[in-house]
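Undergrad: Mind looking at a prediction? Sequence and model below.
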Amino acid sequence: MPLESPLSFLTSISASSRLSSSHFDLDVASGIAIFFGGKAAVSALALQPLYGRIWHGWYNAPGCHAVVWELVRTLLQGSVSSYSERLSHSLGLDGKKGPKYIASRSGTVMQHTRHLAYVLINSNRRDKECKPVVVGQRFSPTPMQLMIVDFKKKVLTGNDTLPPRSSRHSSLPIIASAASITACAICASVEDWLSFKMIMIGIVSSGITSLIMCTGNITLERLKPADGVPPGDGMLLSDTRIVILRGNEEDVNAVTKGKLRLKLKGGGYTLLLCAFIALSQVTLQLVFMPFGSLLGQLMFLLSLLVSGGCNLYLSAKEDDVQSSALITLLNNPEVKTYQASSRASAAVLACLALCWESGTPPKQILQEIVPIKPRPWRAWSDFVVENIRKKSTHFVYGNNESTGDLDVRETKLLLELVDDAHAAYDQYIKDHNISIT
């Protein structure tokens, strides 16, 4: 018996599904399915200005009701702030609180910073430039990562803001688009034109909305510092990561105080158009999709499943994509990353990065990261301060006033701390080619 062609096989399934529709259908499922994945849909939409690719988002995706809600809410929040500010907050491009910031030269302490600082402190970049250098051999239950960000080029703001761009996971939407197009083709092959139209409406609606967001302009707004202020060197501090910022005060301010805005051509009217398109998609699919054939409904659900999975994955990687894109917005500063085995190692690296050239008192930095009042820590901090003060090219330590009255347990701890400091000190000197002339 000859094998059936794929087209005739699908046609037979469609025909049998019509005969058995009184016993089994997906009416309720196909209608309700569009309401899943709302948060992921908003996150995926928010990444479009960061990708800048006009072919992204052309797939039949669930969760458009959440997109409608966010856009309408942005329009109705009033005139307290501009629509671009509200839109960036609604899409998660701005508005998150960053970590504590301590300026090493001016002594300024900010308990909370802004969104760019949040992105940097949560960055999980793993490209070649940011591959962490492992410092220290000792295993510690509290390892820390330290990132040094040097602003060698001016951070542009306002209308001159560099467009943030990322290529992280940028090929994933192709899979969702291919699944939606394939679903359309199968529906057409069995002449289920209703399901074909509903899937196509989803593709076009999502595509147009993504295209509009993709062409949006992200700008960075910041306050201009007073003339004569010292460099803005300092550190962002969290429980597991330290980010050292080195550069002019205005460039560092872009991270600690800068505000991101998403501006669209046409302003609020464009937002209203996007909301109308997404609402039309939700309404039409909810009303008409249950009347499609069983195979058509299956293809509709399949397209939603694949695109919903794509949106969910992009949502989970949102911080990763943002950190990659916003580095370009900051004019690609030089970045060096260390994976320290302990807080002691990280504290030494931070001291070297902030105090070696500036003359900032090292204890001012150390006390923000580690306890320096217990006797072993006090002796250890004296070693670190003395080495940095003398600009030693190798870490030197020995007996001093602080080590004389330590007991056996405290001496053991001190030796472990010295090993951590030695590893961090020598690694930093090596990486920065520091030598005494």
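TA: Okay, I see it.
Undergrad: so where is the stretch 301-437 of the chain shaky, pLDDT-wise?
TA: Within the stretch 301-437 of the chain, the set of residues satisfying pLDDT under 70 comprises 402, 434-437.
Undergrad: Skipping adjacent residues, who's closest to the residue most central in space within the chain in space?
TA: Centroid-nearest residue in the chain: Asp319, 1.7 Å away (criterion: Cα atoms, centre = their mean). Setting aside the residues directly before and after it, Asp319 is nearest to Asn122 in space (Cβ to Cβ, 6 or more residues apart in numbering), at 5.1 Å. C-beta coordinates here come from the backbone N, C-alpha and C atoms, glycine included.
Undergrad: How much space separates that neighbour from Leu417?
TA: Using Cβ to Cβ, to the nearest Å, we find Asn122 at a distance of 28 Å from Leu417.
Undergrad: Quick check: chain neighbours aside, which residue is closest to Cys64?
TA: The shortest distance from Cys64 to any non-neighbouring residue, by Cβ to Cβ, 6+ apart, is to Ala278 (4.4 Å).
Undergrad: counting contacts, what elements does the strand or helix carrying the one you found pack onto?
TA: Assigned by DSSP states H and E, Ala278 belongs to helix 268-288. Here helix 268-288 touches helix 64-76, helix 83-90, helix 193-214, going by 3 or more Cβ pairs under 8 Å, 6 or more residues apart in numbering; DSSP states H and E.
Undergrad: residues near the closest residue to Thr157 other than its chain neighbours, how many?
TA: Once flanking residues are discounted, Thr157 sits nearest to Leu220: 4.8 Å by Cβ to Cβ, 6+ apart. Leu220 has 23 neighbours, counted by other Cβ atoms under 10 Å.
Undergrad: likewise the one 4 residues further on?
TA: A total of 9 residues lie near Lys224 under the criterion other Cβ under 10 Å.
Undergrad: Check the secondary structure at it for me.
TA: The three-state label given to Lys224 by DSSP: H, G, I helix; E, B strand; the rest coil is coil.
Undergrad: isn't it right up against Glu250?
TA: Yes. Taking contacts as Cβ atoms under 8 Å, Lys224 lies within contact range of Glu250: 6.4 Å.
Undergrad: residue boundaries of the helices in the stretch 1-150 of the chain?
TA: 6-19, 27-32, 38-46, 48-51, 64-76, 83-90, 115-121 (DSSP state H, counting those that start in this stretch).
Undergrad: and the last one, average pLDDT?
TA: So that's helix 115-121. The average pLDDT within helix 115-121 is 90.
Undergrad: counting contacts, what elements does that helix pack onto?
TA: Applying 3+ Cβ pairs under 8 Å, 6+ apart, we find helix 115-121 packed against strand 234-237, strand 241-246, helix 249-256, strand 259-263, helix 318-329.
Undergrad: What lies in contact with the second one?
TA: Contacting residues not belonging to strand 241-246 are listed as 117, 120-122, 144-151, 231-236, 252, 255-256, 346, 349-350, 353-354, 369 [Cβ atoms under 8 Å, 6 or more residues apart in numbering].
Undergrad: One more pass at 6 Å, please.
TA: By Cβ atoms under 6 Å, 6 or more residues apart in numbering, the residues outside strand 241-246 that reach it are 120-121, 145-150, 233-236, 252, 346, 350, 353.
Undergrad: coming back round to it: mind checking how far the residue nearest to Thr157 is from Val255?
TA: Counting by Cβ to Cβ - Leu220 and Val255 are separated by 10 Å.
Undergrad: still on that earlier bit, dump the helices and strands packed on helix 268-288 to a markdown table, plus mean pLDDT.
TA: Shown next, in a markdown table, are the helices and strands packed on helix 268-288 (pLDDT from 0 to 100):
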| stretch | mean pLDDT |
| --- | --- |
| helix 64-76 | 87 |
| helix 83-90 | 86 |
| helix 193-214 | 93 |
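Undergrad: Same list (these) but as a markdown table, adding mean neighbour count and distance to Ile429.
TA: Shown next, in a markdown table, are these (neighbours: other Cβ atoms under 10 Å; distance: least, Cβ to Cβ, whole Å):
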| stretch | mean neighbour count | distance to Ile429 |
| --- | --- | --- |
| helix 64-76 | 20 | 50 |
| helix 83-90 | 23 | 42 |
| helix 193-214 | 22 | 46 |
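Undergrad: Switch those over to TSV; also include distance to Gln364.
TA: TSV is the format used below for the helices and strands packed on helix 268-288 (distance: least, Cβ to Cβ, whole Å):
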stretch	distance to Gln364
helix 64-76	43
helix 83-90	35
helix 193-214	45
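Undergrad: I'd like to know which of those helices lies nearest to Thr113.
TA: helix 83-90 (16.1 Å; Cβ to Cβ).
Undergrad: Show residues contacting the closest one.
TA: For helix 83-90, the external contacting residues (Cβ under 6 Å, 6+ apart) are Glu70, Thr74, Gln77, Asp94, Gly95, Leu260, Arg261, Leu262, Lys263, Gly268.
Undergrad: Return the members of those classed as buried.
TA: Neighbour-count burial (16 or more other Cβ atoms under 10 Å) applied to the contacts of helix 83-90 gives Glu70, Thr74, Asp94, Gly95, Leu260, Arg261, Leu262, Lys263, Gly268.
Undergrad: Specify which member of those residues is nearest to Ser189.
TA: Comparing those against Ser189 with Cβ to Cβ places Glu70 closest, at 36.6 Å.
Undergrad: what's the spacing between that closest one and Ile212?
TA: 14 Å.
Undergrad: Same question for Thr337.
TA: 36 Å.
Undergrad: now swap in Ala379 and tell me
TA: Counting by Cβ to Cβ, the gap from Ala379 to Ile212 is 62 Å.
Undergrad: can you check Cys64 too?
TA: 14 Å.
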